[in-house]
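Asks: Got a predicted structure here, sequence first:
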Amino acid sequence: MKNENQTMLSFSHAAVGYGEKVVLQDVSFQVKKGEYVALIGSNGTGKSTLIKCVSGLLPLTGGEIEICGKNSRKLKARERAQMVAVVPQSYYVDYDFTVEDIVMMGRNPYIDFRHRESQEDREIAERAMKLTKTDMFRNRLYNQLSGGERQRVILARAITQQPDIILLDEPTSALDLHHQIEVMELIRQLNEKEHITVLAVLHDINLASRFCSRIVILKDGKVKADGPPREIINRREIIPIRVMDEKQTAKPLRIHVICGEKGGVRILEQLTNMGHFVSAGVVNRESDDAEICEYLGSQGLRLIPSRQ
Ligand SMILES: Nc1ncnc2c1ncn2[C@@H]1O[C@H](COP(=O)(O)OP(=O)(O)OP(=O)(O)O)[C@@H](O)[C@H]1O
């Protein structure tokens, strides 16, 4: 029986780079069992690089990473894949695999190459497809699916892997607001109901604060901030933006943008592309981020950023 307080991922003075280029200098933080942690930072701060280190694609140049208490340097690929599943930013396949083929690949770490998958393997994949609602297009070609459908298939593959930890690298970056929420809800469900520990690279601090239990901000190769969303969004480098309707009659809602963050700009672009109207005013610090996405789905809005 695993201890609820168990450390699932531990970064201890982790350092890594590409050749001469140092990307992460000294990263230290831990992720406990059952946590849903967002990893946030500006472009090029090394979020994907950190994910690559955990998934074994990139060796550390200094420090240590422990996965479920085991030194990551000593893990064999199969052993690592039984503990950690990775959902990349985008996943393309050269061959015409069906959805079911892709999901079954999640069983590879458990199946000896001389054997075929067992009935139990098929049942595990079946359950993952039902959970992600991908079972209805199981026979369709993966490459012919929409971005949102593909993301659900890759999540189904990750669930089929039966990992202790799921690492997600910008899982919603190619999706519109509606599908972002859908995928984030699904990840939350995996975290809460399937008890999978989650570390997700996200660009949108609003999504992070709505769904995650903790936010870790990377800057200059180190951890710049680490704490619960409420604590993080009150920091000076987070800009609150107010959203109102044309007549300024709607309840003011607020979103947050990290200075220089591409995710923040993306939110603004998405909203203005929807033809919305902007109004500036007082930031309502009491309003709930979660309201924003639901509200925007039903109202016409435009934005003016306002610093406090
Ligand atoms: N294969 C590589 N070879 C050399 N440099 C690389 C390589 N991959 C990434 N980098 C560099 O390492 C730095 C960190 O990249 P990384 O992709 O980890 O950043 P990120 O925080 O995930 O960025 P983004 O938010 O844009 O996705 C960047 O400066 C990038 O140019």
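Replies: That came through fine.
Asks: dump the residue contacts of the residue lying closest to T98 once chain neighbours are set aside.
Replies: Take T98 and drop its neighbours on the chain: the residue closest to it by C-beta to C-beta, 6 or more residues apart in numbering is N139, 5.5 Å away. The C-beta positions use only the backbone N, C-alpha and C, and glycine is treated the same way. For N139, the contact set (C-beta atoms under 8 Å, 6 or more residues apart in numbering) comprises T98, V99, E100.
Asks: tally of neighbours for the second one?
Replies: By the criterion of other C-beta atoms under 10 Å, V99 has 26 neighbours.
Asks: My guess is it contacts K133. True?
Replies: No: counting by C-beta atoms under 8 Å, V99 stays clear of K133, with 11.3 Å between them.
Asks: okay, how far is it across stretch 105-121, tip to tip?
Replies: 10 Å (C-alpha to C-alpha, to the nearest Å).
Asks: and that stretch, which residues are buried?
Replies: M105, G106, R107, P109, Y110, D121 (16 or more other C-beta atoms under 10 Å).
Asks: I would like the residues contacting it, please.
Replies: Outside stretch 105-121, the residues that touch it by C-beta under 8 Å, 6+ apart are 78, 81-82, 85, 104, 124-125, 128, 156-162.
Asks: centre of the chain versus it, how much separation?
Replies: Averaged C-alpha coordinates place stretch 105-121 at 27 Å from its chain's average position (C-alpha atoms, centre = their mean, to the nearest Å).
Asks: residue boundaries of the strands in the stretch 51-200 of the chain?
Replies: Along the stretch 51-200 of the chain, counting by DSSP state E, counting those that start in this stretch, strands occupy 62-67, 70-71, 84-87, 165-169, 197-201.
Asks: I'd like the distance from the first one to the chain centre, please.
Replies: Per C-alpha atoms, centre = their mean, the displacement of strand 62-67 from the mean C-alpha position of its chain is 21 Å.
Asks: re earlier: which one of the strands of the stretch 51-200 of the chain lies closest to the ligand?
Replies: Closest to the ligand of these is strand 197-201 (C-beta to the nearest ligand atom; 6.4 Å).
Asks: For the closest residue to S173 other than its chain neighbours, list the residues it contacts.
Replies: Excluding the flanking residues, the one nearest S173 by C-beta to C-beta, 6+ apart is Q89, at 5.9 Å. When contacts are counted by C-beta under 8 Å, 6+ apart, Q89 touches S48, D169, E170, P171, S173, A174.
Asks: host element of the first one?
Replies: Read that as S48. Here S48, judged by DSSP states H and E, is contained in helix 47-54.
Asks: Strand 165-169 and that helix, what's the angle between them?
Replies: Put simply, helix 47-54 runs at 150 degrees to strand 165-169, going by axes from the mean of the first three to the mean of the last three C-alpha atoms, to 10 degrees.
Asks: ok, what's across the strand from the residue nearest in space to the middle of the chain?
Replies: With distances taken as C-alpha atoms, centre = their mean, the residue of the chain nearest its centroid is A200 (3.0 Å). Per DSSP bridges, the residues bridged to A200 are A38, L168.
Asks: Hmm, T172 and it touching each other?
Replies: No: when contacts are counted by C-beta under 8 Å, A200 is not listed as touching T172 (9.1 Å).
Asks: Could you list the contact residues of the protein toward the ligand?
Replies: When proximity is defined as C-beta under 6 Å from any ligand atom, the chain approaches the ligand at Y18, K21, V23, G41, N43, G44, T45, G46, K47, S48, T49.
Asks: go again using 8 Å as the cut-off
Replies: 17-19, 21, 23, 41-52, 89, 169-170, 201, 203, 218, 262 (C-beta under 8 Å from any ligand atom).
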